[in-house]
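Engineer: What follows is a protein structure lacking sequence information:
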């Protein structure tokens, strides 16, 4: 296990960071949700915006900028940014493959998904693929256990995966396509595979529901 | 006053305290790591678990407020098992390096593992490894030993007012760090070493120097600033190994500044350990007899009015009264203690004391700092002002140059005397704030007084204090903050002269003075002493000794029993922790011996007699450890004010006296501070 999360030294030096006007407007919107003087409560939202603006990762300059924006001591922002695994403190690929490996996904074959990610991207978890497109990370439960195993790519869930469908997904991303989010099998959200198996008729003898 | 039962014993406790405090009142010891009575409650070490009747599981006593009818048990199987478990978890990642750990012998973890642990570990995985941090020249880190009590973070954030330490990461990755590899920019950083319950933070200058059981402990008084912090000097043989704070709620609570703690290596450098006499332009070693006869040759024939003396910043009252009496015997009354030329008035005691007392800060609701930067002049006092600010019940304003963050926000009313005059005349919004205050406090610093118009500034400050109701029968908010330990003692002995230090230097350079006696006085411009015969009595080869014609080796503050009066007028007795080096002697005994040689023998032969003499000179010396406001009267001289901004006389906090200037540790701190420009944190 990598021992040190604090203050990575092997990252590119970013000297200056500032919100673009669009992101600054979004940040002000977040800050406005809290009473005056409690602007520090918006730190997570502001860090998230900074991460989105800055290719999906947070350089120290961005944390310092957020500290200044929210009138906090920089160390208080570093504490938050290092606490949450959703904040990336190192550059990552364009698509962040967040593979759930918690028990339900693991039971349903997350090892195969991990293997597919490793093979399709060509690099080990935590590293950026040669084409700069992918970084794989293992994450804890993301609450989609009913569709296990699953993977979150940037903000989108892809569910009901196996090795082949994961590879297909990554290949589509490589081609620059936008794959269909959600279950990758014949299934509507969390409904049974192949269509409903219960409540297919309306009690009382009305006409049967059409299969979706 | 809720009533509760602790281990079956009924006890009535003040409302609002915690179960842990109630247990202490009941005389039951509760083990703890993260809880500290002067810091906020964290509740994260879980060592203080106790059993509460009807509670489903053990409770953290440090964070649980007392309630009526509570039944607490601290001596049950549940509690013992909880303590065993917590202790086992704390030790999981703690290295077994006690034999090479500086905390050994005074380690809370070691002691409590013995007292409350289960004596073995069932953990056979690898321990985690945490990189050490660089917190500057004073604090050494060994982060593998850290148990993450967060006391250091809370101290830095709450007391020291520098939000630079934090806990990054989570779970097993959690680390105490500044994250950005920087020196702590606090003048109180040494205190986190005392707070650390394990050996994660230890003292860098004291690294691998001694074990606590080898040290002889002497309770004494600090002389690095005018606060008179209570300290404990630990010595081994003749060497001062370290200085630790002693608790005195009215002065330093349990903190001391980094200079107090770490300037002591200066006591071993540049010491004057034998007399010197200047022959053929060079100082040459001499015996006491030779030195004394050299003085007799030059002084015996000189008329009294051609002799003057200057008292240094760290002098004890015994030496000062002996010097005063010696000069009087020689026919001179020209003894000056205001080396910096501050326009302090010795005739009215209230004019030069921190009248409200240091503890008075806790009740002040408006604090006006006039020409004072307490952060570098008295860091521990500054921490008290910060605490007052944190309660939200004090407004703080400053008149003086902006010298950086004071660790609390202030209203800046102006930089110089003009702003003070306006306030005294009742103009401006802040004048109304002062007038409306219940306990207004006006802190006058030396930066406002050590200027040509100092007496006029003093008069204006007095006028302001009287105008805003700061001087009443039950409250005197007129507070002079001194920067040096010996000043109030000198003023209590009336060691002031018309013309002040400037007059003495002017007369010396123009040949109106033949003999100048410097009692450890190093802060004067020695190039202006002209052709005068200079006798320097002191402990360090600093500015004064370099100019001297005869050097008499004296004792530093750790080497003599001495009386010091702090800025609030509290008389305190320092004790001897070790002996002066070589042939050096206690200062009053040197003066006593010299008086005999000069045929004007002083009428005291032992310390008790000197102290009796002190009390005759000023009865305040009889009231040891007592603080009360000084008598009030008219002081200061109305006059023209200049525009120059008030600037603190302390430029570099780490080097203000011969001891700290000789200290390698203080030099390292100075360099570290200059490398990192002070952060304007707020």
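Structural biologist: Nice, I can see it. Quantities reported herein were computed from a predicted structural model and do not represent experimental measurements.
Engineer: Do a quick rundown of the helices in chain A.
Structural biologist: Ranges of helices in chain A, per DSSP state H, are A:21-31, A:43-53, A:60-70, A:74-83, A:103-107, A:110-121, A:163-174.
Engineer: Would you mind telling me which of these is nearest chain B?
Structural biologist: For the helices of chain A, proximity to chain B was assessed by CB to the nearest CB; helix A:74-83 is nearest, at 3.9 Å. Where C-beta positions appear, they are placed from N, C-alpha and C, glycine not excepted.
Engineer: Tell me how far the closest one lies from the chain's centre.
Structural biologist: Centre-to-centre, helix A:74-83 and its host chain are 20 Å apart (CA atoms, centre = their mean, to the nearest Å).
Engineer: What are the buried residues along it?
Structural biologist: Buried residues in helix A:74-83, counted by 16 or more other CB atoms under 10 Å in any protein chain shown: A:74-83.
Engineer: what does chain B put close to chain A?
Structural biologist: B:128-131, B:157, B:163-170, B:172-173, B:175, B:177-181, B:681 (CB under 8 Å from any CB of the partner chain).
Engineer: Buried only: go through these for me.
Structural biologist: B:130, B:157, B:163-169, B:173, B:175, B:177-179.
Engineer: Can you flag which of those belong to strands?
Structural biologist: In strands, judged by DSSP state E, the following of these are found: B:166-168, B:175, B:177.
Engineer: Now the phi/psi pair for the residue nearest the centre of chain A, please.
Structural biologist: Closest to where the C-alpha atoms of chain A average out (CA atoms, centre = their mean) is residue A:154, at 4.1 Å. When read as degrees, to the nearest 10, the backbone of residue A:154 gives phi 50, psi -110.
Engineer: I'd like to know how far it sits from chain B.
Structural biologist: Note on residue A:154: its distance to chain B, by CB to the nearest CB, to the nearest Å, is 23 Å.
Engineer: Quickly note the distance from that residue to residue A:97.
Structural biologist: Distance, residue A:154 to residue A:97, by CB to CB, to the nearest Å: 9 Å.
Engineer: repeat for residue A:182
Structural biologist: As judged by CB to CB, residue A:182 and residue A:97 stand 16 Å apart.
Engineer: from chain A, which residue is nearest to chain B?
Structural biologist: The minimum distance from chain A to chain B, using CB to the nearest CB, falls at residue A:73 (3.3 Å).
Engineer: leaving aside the residues next to it on the chain, what's closest to that residue?
Structural biologist: residue B:163 (3.3 Å; CB to CB, 6 or more residues apart in numbering or on different chains).
Engineer: do the same with residue B:336
Structural biologist: Counting by CB to CB, 6+ apart, the nearest residue to residue B:336 once its immediate chain neighbours are dropped is residue B:497, at 4.9 Å.
Engineer: and that neighbour, what is it in contact with?
Structural biologist: Counting by CB atoms under 8 Å, 6 or more residues apart in numbering or on different chains, residue B:497 touches B:308, B:333-336, B:503-504.
Engineer: number of nearby residues for the residue of chain A closest to chain B?
Structural biologist: Residue A:73 has 20 neighbours, counted by other CB atoms under 10 Å in any protein chain shown.
Engineer: Quick one: mean pLDDT for stretch B:166-178?
Structural biologist: Averaging pLDDT along stretch B:166-178 gives 91.
Engineer: Please disregard the earlier target; I meant stretch B:383-395.
Structural biologist: Stretch B:383-395 comes out with an average pLDDT of 94.
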